[in-house]
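Quick one, what's the 3D model for this:
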Amino acid sequence: MDPSPLPMLKAMLPKLPLIGKITVWHALGLSEHSKHWDLRSELTIKILRSLLTTPHGQPLSKIQNLSVKDPGVKGRIWISKVTMARPEEDDLRQSLFGVIESMKEPGEAPRGFKEPELSSVEAEWTGYRSGATSQSLPLDIPEAQKYTELMREVSKPTTILYFHGGAYYLMDPASHRPTTKKLAKLTGGRCLSVRYRLAPQNPFPAALLDALISYLTLLYPTPGSFHEPVAAHHVVLAGDSAGGNLCLVLIQVLLEFRRQGLKIRWNGEPRDIPLPAGAAMLSSWADVLHSMPSCETNAIYDYLPSRTIQLERMEYPRCHIWPTDPPRRHLYAEDAVLCHPLVSPLAAKSWEGCCPLWIETGQELLSDENKFMATKAASEGVTVVFEEYEAMPHCFAMVLPSLPASRRCFDGWAAFVRDAVKNPENMETRGTRIHAKTLIETPIDLKTLSPLTWEEVITQMRRGVVDMSARNTNAMPKL
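Okay, the predicted model is just below:
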């Protein structure tokens, strides 16, 4: 984010002994990971892990500000910045609040969350700029003209509605331009990357409301929008980590609208809200409580701190955004709704009628929740394409882009998007495990992928709430 190399050099200087040790052990074959990772990957993962688990003394507000800085646009990419207007009516907002209540368990208290106001939503149209070089700067033309130039290079009707990761409190469409550019190139389509409101200033369901506004704006654009109406069967939701969570909870809201037969009044017209063509998620954060076993057992492969470390050691100095007033235990959501299926989609009772899903995971902290999601959705008749990458950490394809496994991951991601739009009738449920280094692929039976039942998952999540209640309210998991 910072163009100066000085902050990075300062951060890396104390890690020199660690770098030396990793290098020697890897070269001698003494590292437990040398059979799975090359040296560059092992250095990257272990240094990231060290940085994330070392108390840094930086307030949350400063870390958030650094993560959303725009590094500028350069290279083979079109960016057209837009602002999607808030709807004239309050119907969408009130319908969302109604869905939140209807999806609670019997006996749960009403509300328990801060009601966000409707807001305009910023986003970036992203496309691949084939005629540029790696050093090309954006043209000095209006945003609407940039969109026109972007569309000249779009060869397919595919529109990817992209939600960035960052645990709901970090990152921005600007930080994820390499990902959205790559998806646009591989699919021949375009991405609309959404700048949803971040926690802790804007807790659940602010980001979800922004996601809904973005989706409806694609389908039913307001006057002055750059784009024409987009058919739902040409839209694929996509996201990484928390962005994957946002894809899944948006789908749950759309399914609940359908169950209730709701139409939404949108800028003067009652509108049906059909499902998109599909949703494609990289390392989805489906359980904000980190309650699944892999949040401990897979820590050896991940750079993210294990659940135990997060609960015991991860704290931020006080600042104007955290802790909140009144305080809560989780940065993203109030205590009362942490097990709600629109906060943690792992808790969703049903995926019946859902659009096709692409679910990817490494051998990471979030593996178990993604495996359960794949098994449950497939058992309820949803087309699920599941990919598991041996010994790979969270969002590895974005963190280690030069790995052959990362290229395979992006190819699989893009292939699903293309098929969901062009050949949905030919899509079939399947699971694949991709082995490290060799990239040998072996099939996975999704029926037996996760041994957990929904009741067992809910029980573990409720235990997670109890565990969280015992920790300092100034602590916050880093995901």
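
Show the residue spans covered by the strands in the stretch 251-400 of the chain.
For the stretch 251-400 of the chain, the strands defined by DSSP state E, counting those that start in this stretch cover 264-266, 269-271, 278-282, 357-361, 384-389.

Low-confidence bits of this structure, can you list those?
For the chain, applying pLDDT under 70 flags the ranges 1-13, 55-56, 313-314, 471-479.

Please name the residues that touch the residue nearest the centre of it.
In the chain, the residue lying closest to the centroid (CA atoms, centre = their mean) is Gly243, at 2.1 Å. The contact partners of Gly243, by CB atoms under 8 Å, 6 or more residues apart in numbering, come to 162-166, 281. Every C-beta, even on glycine, is put in place using the N, C-alpha and C of the backbone.

what would the residues you listed look like in JSON lines with secondary structure, distance to Ile440 and neighbour count?
As requested, the contacts of Gly243 are exported to JSON lines (DSSP: H, G, I helix; E, B strand; the rest coil; distance: CB to CB, whole Å; neighbours: other CB atoms under 10 Å):
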{"residue": "Tyr162", "secondary structure": "strand", "distance to Ile440": "30", "neighbour count": "28"}
{"residue": "Phe163", "secondary structure": "strand", "distance to Ile440": "32", "neighbour count": "27"}
{"residue": "His164", "secondary structure": "coil", "distance to Ile440": "32", "neighbour count": "24"}
{"residue": "Gly165", "secondary structure": "coil", "distance to Ile440": "28", "neighbour count": "27"}
{"residue": "Gly166", "secondary structure": "coil", "distance to Ile440": "33", "neighbour count": "22"}
{"residue": "Met281", "secondary structure": "strand", "distance to Ile440": "24", "neighbour count": "28"}
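
among the residues you listed, which two are most distant?
The distance between the two most remote of the contacts of Gly243 (CB to CB) is 14.5 Å, for Gly166 and Met281.

Find the helix or strand that the residue nearest to the centre of the chain is a member of.
Using DSSP states H and E, Gly243 sits in helix 242-260.

In that helix, which residues are buried?
242-257 (16 or more other CB atoms under 10 Å).

can you tell me which residues contact the nearest residue in space to Ala232 that is not next to it in sequence?
Closest residue to Ala232 apart from its sequence neighbours, by CB to CB, 6 or more residues apart in numbering: Pro274 at 4.1 Å. Listed by CB under 8 Å, 6+ apart, the contact partners of Pro274 are 219, 232-233, 254.

and of those, the nearest to Ser50?
Leu254 (41.1 Å).

so that closest one touches Asp272, yeah?
No: here Leu254 lies out of contact with Asp272, judged by CB atoms under 8 Å, at a distance of 10.4 Å.

coming back round to it: which one of the buried residues of helix 242-260 is nearest Tyr301?
Gly244 (18.6 Å).

For the closest one, give its distance to Ser284.
According to CB to CB, to the nearest Å, Gly244 and Ser284 sit 3 Å apart.

next one: Pro221
28 Å.

Comparing these two, which residue is more hemmed in?
Ser284 (28 against 17; other CB atoms under 10 Å).

Now do the contacts for the more buried one.
Ser284 sits in contact with 239, 241, 244-245, 247-248, 345, 359, 361, 366, 369-370, 373, where contact means CB under 8 Å, 6+ apart.

now Glu296
306-308.

Distance to Ala420 and neighbour count for those - can I get that in CSV?
Formatted as CSV, these follow (distance: CB to CB, whole Å; neighbours: other CB atoms under 10 Å):
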residue, distance to Ala420, neighbour count
Ser306, 34, 20
Arg307, 33, 21
Thr308, 38, 13
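
need the contacts of Ser284 in TSV with distance to Pro293, can you?
Output for the contacts of Ser284, formatted as TSV (distance: CB to CB, whole Å):
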residue	distance to Pro293
Gly239	24
Ser241	19
Gly244	20
Asn245	19
Cys247	24
Leu248	21
Pro345	19
Ile359	18
Thr361	14
Leu366	11
Glu369	10
Asn370	13
Met373	15
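
where does Arg418 land in three-state SS?
helix (DSSP: H, G, I helix; E, B strand; the rest coil).

Report the separation between it and Val121.
Taking CB to CB, one finds Arg418 at 27 Å from Val121.

okay, those two: which has more neighbours?
Val121 (21 against 16).

bridging residues for that one?
Beta-bridge partners for Val121, by DSSP bridges, are Met84.

show me what contacts it?
83-84, 86, 194-196, 210, 213-214, 217.

Mark which of those are buried, thanks.
Buried among the contacts of Val121 (16+ other CB under 10 Å): 84, 86, 194-196, 210, 213-214, 217.

closest to Pro116 among these?
Asp210 (8.5 Å).

List the residues that contact that closest one.
119, 121, 194, 196-197.

Could you identify the most distant pair in those residues?
Most distant of the contacts of Asp210, by CB to CB, are Ser119 and Val194, 12.2 Å apart.

In TSV, list the contacts of Gly243 along with distance to Met292.
As requested, those are arranged in TSV below (distance: CB to CB, whole Å):
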residue	distance to Met292
Tyr162	26
Phe163	22
His164	23
Gly165	18
Gly166	20
Met281	16
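
So which of the residues you listed is the closest to Ile141?
Once CB to CB is applied, the member of the contacts of Gly243 that ends up nearest Ile141 is Tyr162, at 23.6 Å.

Quick check: Cys355 touching Ala277?
Yes: Cys355 lies in contact with Ala277 (CB under 8 Å); the separation is 6.3 Å.

Which residues are in contact with each of the two?
Joint contacts of Cys355 and Ala277 (CB under 8 Å, 6+ apart) are Ala420.

If you rank the contacts of Pro274 by neighbours, which is first?
Neighbour-wise, the contacts of Pro274 (other CB under 10 Å) top out at Leu254, 23 neighbours.

So it versus Asn267, what's the distance?
19 Å.

if you skip the residues just before and after it, what's nearest to Glu256?
Counting by CB to CB, 6+ apart, the residue nearest Glu256 is Val99, at 4.7 Å.

contacting residues for the one you found?
Val99 sits next to 253, 256-257, 260, 342 when contact means CB under 8 Å, 6+ apart.
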